[in-house]
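A.B. asks: The sequence isn't on hand, but the structure is:
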């Protein structure tokens, strides 16, 4: 049960000057990527990753590098 509490308290993403880490990445199609229940948000995105001038590291959507 402590694991569930710990997971629920984690932020949706982590970033620094060079990296952006999230579950599904910021999508080109997303209007509001930080809203948890939107199709192209950082939790559910399956679309093309947007160039945000940082390396995006994502957890579940494989993609090819250009």
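C.D. replies: Cool, the structure landed. All values reported here derive from a predicted model rather than from experimental measurement.
A.B. asks: When you work out contacts or count neighbours from here on, use the C-alpha atoms and nothing else.
C.D. replies: OK.
A.B. asks: Residue 6: how many residues sit nearby?
C.D. replies: Neighbour count of residue 6, defined by other C-alpha atoms under 10 Å: 9.
A.B. asks: same thing with residue 16?
C.D. replies: 8.
A.B. asks: got the buried residues for the lowest-mean-pLDDT helix or strand in the chain?
C.D. replies: Every helix and strand in the chain was compared by mean pLDDT, DSSP states H and E; the lowest is helix 2-8, with a mean of 85. Residues of helix 2-8 classed as buried: none (neighbour count, 16 or more other C-alpha atoms under 10 Å).
A.B. asks: For the nearest residue to residue 12 once chain neighbours are set aside, list each beta-bridge partner.
C.D. replies: The shortest distance from residue 12 to any residue other than its chain neighbours is 6.6 Å, reached at residue 22 (C-alpha to C-alpha, 6 or more residues apart in numbering). On the basis of DSSP bridges, residue 22 is bridged to residue 13, residue 58.
A.B. asks: Is residue 22 in contact with residue 58, as I believe?
C.D. replies: Yes - at 5.3 Å, residue 22 and residue 58 qualify as touching, with contact defined as C-alpha atoms under 8 Å.
A.B. asks: The nearest residue to residue 28 once chain neighbours are set aside: what's it in contact with?
C.D. replies: Spatial nearest neighbour of residue 28, excluding adjacent residues (C-alpha to C-alpha, 6+ apart): residue 50 at 4.5 Å. Residues in contact with residue 50 (C-alpha atoms under 8 Å, 6 or more residues apart in numbering) are 26, 27, 28.
A.B. asks: got any ranges where the chain has weak pLDDT?
C.D. replies: 61-66 (pLDDT under 70).
A.B. asks: thinking again about what came up before, any of the contacts of residue 50 buried? List them.
C.D. replies: 26, 27.
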